[in-house]
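[1] got a structure for you, letters missing:
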(Lines give C-alpha, C1' and ligand atoms only; values in the text may rest on other atoms or scores of the structure.)
Protein backbone atom coordinates (compact mmCIF):
# COMPACT_ATOMS: atom_id res chain seq x y z
CA UNK A 1 0.00 0.00 0.00
CA UNK A 2 1.46 3.36 -1.00
CA UNK A 3 1.31 5.99 1.70
CA UNK A 4 0.96 9.71 1.26
CA UNK A 5 4.38 10.66 2.57
CA UNK A 6 7.89 9.30 2.94
CA UNK A 7 7.45 8.47 6.60
CA UNK A 8 4.88 5.81 5.65
CA UNK A 9 2.14 7.24 7.83
CA UNK A 10 -1.10 8.91 6.96
CA UNK A 11 -3.76 7.89 4.50
CA UNK A 12 -2.97 6.04 1.28
CA UNK A 13 -2.87 8.17 -1.85
CA UNK A 14 -5.89 7.76 -4.10
CA UNK A 15 -6.86 9.13 -7.48
CA UNK A 16 -10.14 10.82 -8.41
CA UNK A 17 -11.91 7.44 -8.59
CA UNK A 18 -10.79 6.46 -5.10
CA UNK A 19 -8.27 3.94 -6.48
CA UNK A 20 -4.71 3.69 -5.20
CA UNK A 21 -2.50 4.61 -8.17
CA UNK A 22 -0.31 1.81 -9.51
CA UNK A 23 2.93 1.76 -11.48
CA UNK A 24 0.89 1.32 -14.67
CA UNK A 25 -1.08 4.46 -13.75
CA UNK A 26 2.16 6.43 -13.48
CA UNK A 27 3.35 5.16 -16.86
CA UNK A 28 0.00 5.87 -18.50
CA UNK A 29 0.06 9.40 -17.07
CA UNK A 30 3.60 9.88 -18.39
CA UNK A 31 2.44 9.23 -22.00
CA UNK A 32 -1.09 10.69 -21.72
CA UNK A 33 -0.33 14.01 -23.42
CA UNK A 34 -4.03 14.82 -23.81
CA UNK A 35 -4.43 14.27 -20.04
CA UNK A 36 -7.75 12.46 -20.41
CA UNK A 37 -6.76 9.39 -18.38
CA UNK A 38 -6.53 7.18 -21.49
CA UNK A 39 -4.00 6.49 -24.21
CA UNK A 40 -4.94 7.16 -27.82
CA UNK A 41 -2.98 5.34 -30.52
CA UNK A 42 -0.66 8.32 -31.15
CA UNK A 43 0.23 8.41 -27.44
CA UNK A 44 0.68 4.64 -27.36
CA UNK A 45 3.05 4.92 -30.33
CA UNK A 46 5.31 7.02 -28.08
CA UNK A 47 5.15 4.37 -25.34
CA UNK A 48 5.65 1.32 -27.57
CA UNK A 49 9.30 1.67 -28.70
CA UNK A 50 10.40 2.41 -25.14
CA UNK A 51 8.54 -0.40 -23.36
CA UNK A 52 7.84 -3.02 -26.02
CA UNK A 53 11.26 -3.72 -27.46
CA UNK A 54 10.80 -7.49 -27.13
CA UNK A 55 7.00 -7.69 -27.50
CA UNK A 56 5.86 -10.10 -30.21
CA UNK A 57 3.87 -7.51 -32.16
CA UNK A 58 4.80 -6.12 -35.57
CA UNK A 59 3.95 -2.56 -34.54
CA UNK A 60 2.29 -0.42 -31.90
CA UNK A 61 -1.08 -0.41 -33.63
CA UNK A 62 -1.29 -4.22 -33.63
CA UNK A 63 -0.70 -4.38 -29.87
CA UNK A 64 -2.95 -1.37 -29.20
CA UNK A 65 -5.86 -2.95 -31.10
CA UNK A 66 -5.52 -6.23 -29.20
CA UNK A 67 -5.84 -4.47 -25.82
CA UNK A 68 -8.47 -1.92 -26.85
CA UNK A 69 -11.19 -4.37 -25.74
CA UNK A 70 -14.12 -1.98 -26.18
CA UNK A 71 -12.83 -0.70 -29.55
CA UNK A 72 -13.23 2.94 -28.55
CA UNK A 73 -9.84 3.93 -29.99
CA UNK A 74 -8.31 4.46 -26.52
CA UNK A 75 -6.72 2.30 -23.88
CA UNK A 76 -8.49 2.87 -20.58
CA UNK A 77 -6.58 2.56 -17.31
CA UNK A 78 -7.90 -0.98 -16.93
CA UNK A 79 -6.95 -1.97 -20.50
CA UNK A 80 -3.52 -0.40 -20.14
CA UNK A 81 -2.99 -2.07 -16.75
CA UNK A 82 -3.61 -5.47 -18.38
CA UNK A 83 -1.17 -4.63 -21.20
CA UNK A 84 1.45 -3.26 -18.79
CA UNK A 85 1.30 -6.46 -16.71
CA UNK A 86 2.74 -8.51 -19.60
CA UNK A 87 6.13 -10.06 -18.86
CA UNK A 88 7.61 -8.63 -22.08
CA UNK A 89 6.56 -5.01 -21.40
CA UNK A 90 9.54 -3.39 -19.77
CA UNK A 91 11.21 -0.01 -20.10
CA UNK A 92 14.39 -0.45 -22.05
CA UNK A 93 17.62 0.75 -20.55
CA UNK A 94 18.78 3.83 -22.45
CA UNK A 95 21.82 4.13 -20.24
CA UNK A 96 24.86 3.42 -22.39
CA UNK A 97 26.97 3.32 -19.25
CA UNK A 98 27.14 -0.36 -18.46
CA UNK A 99 29.80 0.20 -15.81
CA UNK A 100 32.60 -0.85 -18.13
CA UNK A 101 35.16 1.77 -19.03
CA UNK A 102 36.59 1.77 -22.56
CA UNK A 103 40.18 0.58 -22.84
CA UNK A 104 42.88 3.21 -22.50
CA UNK A 105 44.62 3.50 -25.89
CA UNK A 106 47.60 5.39 -24.45
CA UNK A 107 49.88 3.14 -22.49
CA UNK A 108 52.17 5.73 -20.90
CA UNK A 109 50.69 9.11 -21.79
CA UNK A 110 48.60 10.01 -18.73
CA UNK A 111 48.97 13.76 -19.32
CA UNK A 112 46.25 14.66 -21.86
CA UNK A 113 46.84 18.43 -21.71
CA UNK A 114 48.45 20.27 -24.60
CA UNK A 115 51.02 22.91 -23.65
CA UNK A 116 49.98 26.49 -24.44
CA UNK A 117 53.03 27.03 -26.67
CA UNK A 118 51.71 24.39 -29.13
CA UNK A 119 48.65 26.51 -29.96
CA UNK A 120 49.08 29.22 -32.60
CA UNK A 121 47.64 32.54 -31.51
CA UNK A 122 44.27 33.33 -33.02
CA UNK A 123 43.87 36.81 -34.41
CA UNK A 124 40.20 37.42 -35.14
CA UNK A 125 40.89 41.02 -36.30
CA UNK A 126 42.56 40.05 -39.61
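    Received it, and whenever you're ready, just let me know what you need. Since we're looking at a predicted model, the values are computed, not measured.
[2] which residue ranges form the helices in the chain?
    For the chain, the helices defined by DSSP state H occupy 23-31, 41-51, 60-67, 77-84.
[3] who touches the longest one?
    The one in question is helix 41-51. Counting by CB atoms under 8 Å, 6 or more residues apart in numbering, the neighbours of helix 41-51 from elsewhere in the structure are 27, 31-34, 39, 55, 59-61, 63-64, 73, 75, 84, 89-92. C-betas here are computed from N, CA, C, even on glycine.
[4] before we move on, back to that, same list (the helices of the chain) but as CSV, adding mean neighbour count.
    What follows is the helices of the chain, written out as CSV (neighbours: other CB atoms under 10 Å):
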stretch, mean neighbour count
helix 23-31, 16
helix 41-51, 17
helix 60-67, 16
helix 77-84, 19
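[5] Quick one: the ones you listed as CSV, columns for mean pLDDT too.
    Shown next, in CSV, are those (pLDDT from 0 to 100):
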stretch, mean pLDDT
helix 23-31, 95
helix 41-51, 96
helix 60-67, 97
helix 77-84, 95
